[in-house]
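Student: quick one: sequence and predicted model below, then my questions.
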Amino acid sequence: IKGLSKFNPTWTIPKMDKSKNNIPNKELLENMVFNLGMVELVSYWKITCAPHVTVKNIYLSQKQIDWWKKLYFYGLGEFFYKNNIKTNIDEFMNITAGTNKLLKSEINISDEFTGALVPIGGGKDSIVTLNVIKDDFANNMCYVINPRGATEETAETAGYGENKRCYVKRTLDKNMLELNKQGYLNGHTPFSSIVAFSALIVAYLNKKKYIVLSNEASANEGNVEGLNINHQYSKSFEFERDFREYTMKYFTPYIEYFSILRCWNEFEILQRFLKAPKYLDIFRSCNIGSKRNTWCGACSKCLYV
């Protein structure tokens, strides 16, 4: 829709390791930031589901274009379903890109990078992850987007001081929120893929070898009978595998992304969570009350947990 709006979401990412020998490679970092922009675009693209997406100045191979179309299509599976949009992966949109190649730099960082970066959401799953890898505590770091009560208390209770927590700030553009009020399309986006691409930047800046997720077995299951639609496709093992392949090819093979809880179901994770009672009054898994650090007791997340 010509002249509809411009969007300027922002990220503020602190560099925790400020030592002189930790100078990021500019070309590699720019490549990571560009790809974070590609996944942020999902939230703004869905407003109109524009059939044509033009990426200016940056080169994308056909394989990359296909990779992004897959993430958009399946990551918006619930969005398409709830908005009654019937389409297919080939026709729902096309992406054209520029010809100026933004290439990764070939740098060997395998010996310098140690420990794990653990994204913390304030729920029981990431708490279990922190307990599972606590033996390597000295090399680990917590990662939090827009910190709130439960995320801060989780990191603190696990023993991670301020120097071992990377808090980043992410903002949504107010123009998108205004268009949502006007009735433009809205719905669930693949937030875990945003966590993945932003965590890659944080891991690179802070020399962490592993990005350790807390996605469990049921993240692979569809939520709609007869259809392969998952509420959180970007938590699935399929996305995890695709993201690992993408990062190894287009960024670096020395930072690994995986979920340590993948082999456990919800009850098995709960059993392990209950062995750490100090977190019972801290964790929160409420969609409605997340910003206020409360349980509403009525949303689907509260009822599920």
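Tutor: Ah, there it is.
Student: where does the stretch 51-200 of the chain have low pLDDT?
Tutor: Along the stretch 51-200 of the chain, segments meeting pLDDT under 70 span 102-111.
Student: if we go to 80?
Tutor: In the predicted model, the stretch 51-200 of the chain carries pLDDT under 80 at residues 100-111.
Student: mind listing the strands for it?
Tutor: Ranges of strands in the stretch 51-200 of the chain, per DSSP state E, counting those that start in this stretch, are 52-59, 94-98, 116-119, 141-145, 165-171.
Student: dump the shortest one to CSV, restricted to CA.
Tutor: Taking Å, rounded to 0.1, in the frame of the first residue of the first chain, the C-alpha atoms of strand 116-119 are listed here in CSV:
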residue,chain,number,x,y,z
ALA,A,116,26.8,-21.2,26.9
LEU,A,117,24.4,-18.3,26.3
VAL,A,118,21.0,-19.2,27.8
PRO,A,119,18.0,-17.1,26.7
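Student: helices or strands up against it?
Tutor: Here strand 116-119 touches helix 124-132, strand 141-145, helix 191-205, strand 210-213, going by 3 or more C-beta pairs under 8 Å, 6 or more residues apart in numbering; DSSP states H and E. Every C-beta, even on glycine, is put in place using the N, C-alpha and C of the backbone.
Student: which one of the strands of the stretch 51-200 of the chain lies closest to I282?
Tutor: Among these, the nearest to I282 by C-beta to C-beta is strand 141-145 (13.6 Å).
Student: check which helices and strands the closest one sits against.
Tutor: Applying 3+ C-beta pairs under 8 Å, 6+ apart, we find strand 141-145 packed against strand 116-119, helix 149-157, strand 165-171, helix 191-205.
Student: got the angle between the third one and helix 149-157?
Tutor: Computed by axes from the mean of the first three to the mean of the last three C-alpha atoms, to 10 degrees, the angle separating strand 165-171 from helix 149-157 equals 160 degrees.
Student: what comes up buried for strand 165-171?
Tutor: For strand 165-171, a neighbour-count test (16 or more other C-beta atoms under 10 Å) marks 165-168 as buried.
Student: again with the second one
Tutor: For helix 149-157, a neighbour-count test (16+ other C-beta under 10 Å) marks 150-155, 157 as buried.
Student: for the lengthiest helix in the chain, which helices and strands make contact with it?
Tutor: Using DSSP state H, we find that the single longest helix of the chain is helix 26-45. With contacts taken as 3+ C-beta pairs under 8 Å, 6+ apart, helix 26-45 sits against strand 52-59, helix 62-75, helix 191-205.
Student: quick one: buried residues of that helix?
Tutor: 28, 31-32, 35-36, 38-45.
Student: surely F258 forms part of a strand?
Tutor: Yes - applying DSSP: H, G, I helix; E, B strand; the rest coil, one finds F258 inside a strand.
Student: isn't it up against V212?
Tutor: Yes - with contact defined as C-beta atoms under 8 Å, F258 reaches V212; the gap is 6.9 Å.
Student: more neighbours: which of those two?
Tutor: Comparing F258 with V212 by other C-beta atoms under 10 Å, the one with more neighbours is V212, at 24 against 15.
Student: where does the more buried one land on pLDDT?
Tutor: pLDDT recorded at V212 is 97.
Student: F258 too?
Tutor: The confidence metric pLDDT takes the value 96 at F258.
Student: the residue nearest to W11 when sequence neighbours are not counted and M93: what is the separation?
Tutor: Nearest residue to W11, sequence neighbours excluded (C-beta to C-beta, 6 or more residues apart in numbering): R170, at 5.5 Å. Separation of R170 from M93 (C-beta to C-beta, to the nearest Å): 24 Å.
Student: all good on my end, thank you.
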